[in-house]
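Asks: Sequence first, then the predicted structure, then my questions.
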Amino acid sequence: MSTFDVVTIGGGLAASAVAISLAKHGIKVLVLERETEFRDRVRGEALTPWGVAEAKELGIDGVLLKSCAREIPWVEMGFGPRNLLETTPQKAPFLTFCHPEMQQALLSEAERSGSQVRRGVTVHSIESIGTKLTVTTTNGKTERIPARLVIGADGRGSAVRRWCGFVSQKDPQPFQFSGVLLSGASLPDGTAFFVFHPDLGRVIGVVPETRGRCRAYLGYPSASNLALQGPNKLSTFICESSRVFPQLAEAYANAKSIGPLASFDVSPNWVDHPYCDGVALLGDAAATSDPSFGQGLATTLRDARVLRDALLANSDWDIAGHQYANRHDEYFHAILKVCGWLRSVFQDPGPQAQALRQRAMPRIEEDPTRVPDHLFAGPDLPADQTVLSRFFGEC
């Protein structure tokens, strides 16, 4: 029976990134992935500049660019195009990619880096036996795998979170977020679009990818009852997106869907202190923020890098796990707070938010630096009362 230093439950971005980085330092890692082939689902596909910096720290940016990703240096948010290479502390673009292609590329790299990867594996339980954790799996036969540390990287519906007694928190939000993979859209080269229309409570996102594809997104109030699910709703999706940003009517004129159209709840979910007794939660298993603001992928890579650094710096991995969890809570709650501010000004159609915009927007138009830049530059920027008052036009 093999014993591993680290076993990851899940083989997506979080698991592969941490496996690549740890294996390069001689740590014995086993990645367990349920799916034998990754398939297209509506998920994040734009890594923000602060997330690109995390990818570089983990040593995976080159793998992504060689296999599946492209650099997008420009972003349009309705105020005119912005060059991210010149205006972010990281001097970095977006990296965009098709999510399943990214998963496959990084999982293959994890294997090349020395991690063991097993696919088509169902994990049934995690239990503590003596000083070891034991993961019980089925892949044609039942197997018990001892490990020093188990990483739950099994997504927003995490079974590891449930098995190990982590308690989830939720901040209900009255919005839905939909997405679809398109081909044939006519878009400016090298530009991503994220435009809010607060009077409608809507937001659009358009993320160019490789091979002439783009991922198109639309956020909308739950009360609108659009229910954007399935191929027969594509024309409605395009129509509603064009209401937010009229240029999309022409850009989408010859577009065809090449993946599912689906919508889901945007309400943030999180675990306070996502480490306990030898089990660490990473990525969506630990926390999800509102996808309208595109912080999920960068946060996942920050999780992987912070946990890696803690494990490499401390021989007592229980202490390291708690260090990771403390840092995770700091940056995740900074993201949560600033996204709430941005939602109030740019998306909430309610009367209080409208009054706030009447005061704030004229000052923002005069000085766009009033808008907190955390979405692109990262959660380490200040997010105190001074920043809030300036954004809300109170000073």
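Replies: Done, it's in.
Asks: in the one helix or strand Asp329 maps to, what's buried?
Replies: Following DSSP states H and E, one finds Asp329 within helix 317-346. Within helix 317-346, the residues that qualify as buried are 317, 320-325, 327-329, 331-332, 334-346, counting by 16 or more other CB atoms under 10 Å. Just so you know, the C-beta spots here come from the backbone N, C-alpha and C atoms, and that holds for glycine as well.
Asks: helices and strands around the helix-or-strand element of the chain with minimal mean pLDDT, which ones?
Replies: Between all helices and strands in the chain, the lowest mean by mean pLDDT, DSSP states H and E belongs to strand 132-138, at a mean of 80. Here strand 132-138 touches strand 4-9, strand 122-129, strand 142-152, going by 3 or more CB pairs under 8 Å, 6 or more residues apart in numbering; DSSP states H and E.
Asks: Run me through the strand neighbours of the second one, direction for each.
Replies: What it means is strand 122-129. strand 132-138 (antiparallel) (DSSP bridges).
Asks: how far off strand 4-9 does the partner strand point, in degrees?
Replies: Relative orientation of strand 132-138 versus strand 4-9 (axes from the mean of the first three to the mean of the last three CA atoms, to 10 degrees): 50 degrees.
Asks: Show me this structure divided up by domain.
Replies: Using automatic domain parsing, the domains assigned to the chain come out as 4-170+268-335, 175-265.
Asks: Can you tell me which of those domains is most buried?
Replies: domain 4-170+268-335 (a mean of 20; mean count of other CB atoms under 10 Å).
Asks: related to what we said a few turns ago, closest one to Asp367 among the domains of the chain?
Replies: When those are compared by CB to CB, domain 4-170+268-335 sits nearest Asp367, at 11.6 Å.
Asks: Sort out which residues of stretch 387-395 are buried, please.
Replies: Val387, Arg390, Phe391, Phe392, Gly393.
Asks: Start and end of it, how far apart?
Replies: Across stretch 387-395, the terminal residues are separated by 10 Å (CA to CA, to the nearest Å).
Asks: Let me know the pLDDT of the residue lying closest to Phe4 once chain neighbours are set aside.
Replies: In this structure, Phe4 finds its nearest non-sequential neighbour in Leu30, 4.4 Å apart by CB to CB, 6 or more residues apart in numbering. pLDDT recorded at Leu30 is 97.
Asks: go on, Pro188?
Replies: We have a pLDDT of 88 for Pro188.
Asks: doesn't it fall inside a helix?
Replies: No. Using DSSP: H, G, I helix; E, B strand; the rest coil, the assignment for Pro188 is coil, not a helix.
Asks: tell me the contacts of it?
Replies: Taking CB atoms under 8 Å, 6 or more residues apart in numbering, we find Pro188 in contact with Trp74.
Asks: how close does it sit to Gly59?
Replies: Note on Pro188: its distance to Gly59, by CB to CB, to the nearest Å, is 32 Å.
Asks: which residues of this protein score low on pLDDT?
Replies: Applying pLDDT under 70 to the chain flags the ranges 1-2, 129-132.
Asks: go with 90
Replies: Applying pLDDT under 90 to the chain picks out residues 1-3, 38-44, 78-80, 125, 127-145, 187-189, 225-227, 231.
Asks: Point to the residue nearest the middle of it.
Replies: With distances taken as CA atoms, centre = their mean, Gly296 lies nearest the centre of the chain, 1.8 Å away.
Asks: re the thing from before, check what contacts the least confident helix or strand of the chain and list those residues.
Replies: So strand 132-138 is contacted by 3, 7, 9, 32, 118, 121-128, 142-150, 278-279 (CB under 8 Å, 6+ apart).
Asks: For the residue nearest to Phe4, give me phi and psi.
Replies: phi -120, psi 130 (degrees, to the nearest 10).
Asks: Report the contact partners of it.
Replies: Neighbour list for Leu30: Ser2, Phe4, Val6, Val7, Thr8, Ser115, Gln116, Val117, Arg118, Ile145, Ala147 [criterion: CB under 8 Å, 6+ apart].
Asks: mind listing the helices for the stretch 151-300 of the chain?
Replies: 159-163, 234-244, 247-251, 296-313 (DSSP state H, counting those that start in this stretch).
Asks: Save these as JSON lines, and put in distance to Ser267 too.
Replies: As requested, the helices of the stretch 151-300 of the chain are exported to JSON lines (distance: least, CB to CB, whole Å):
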{"stretch": "helix 159-163", "distance to Ser267": "16"}
{"stretch": "helix 234-244", "distance to Ser267": "21"}
{"stretch": "helix 247-251", "distance to Ser267": "26"}
{"stretch": "helix 296-313", "distance to Ser267": "13"}
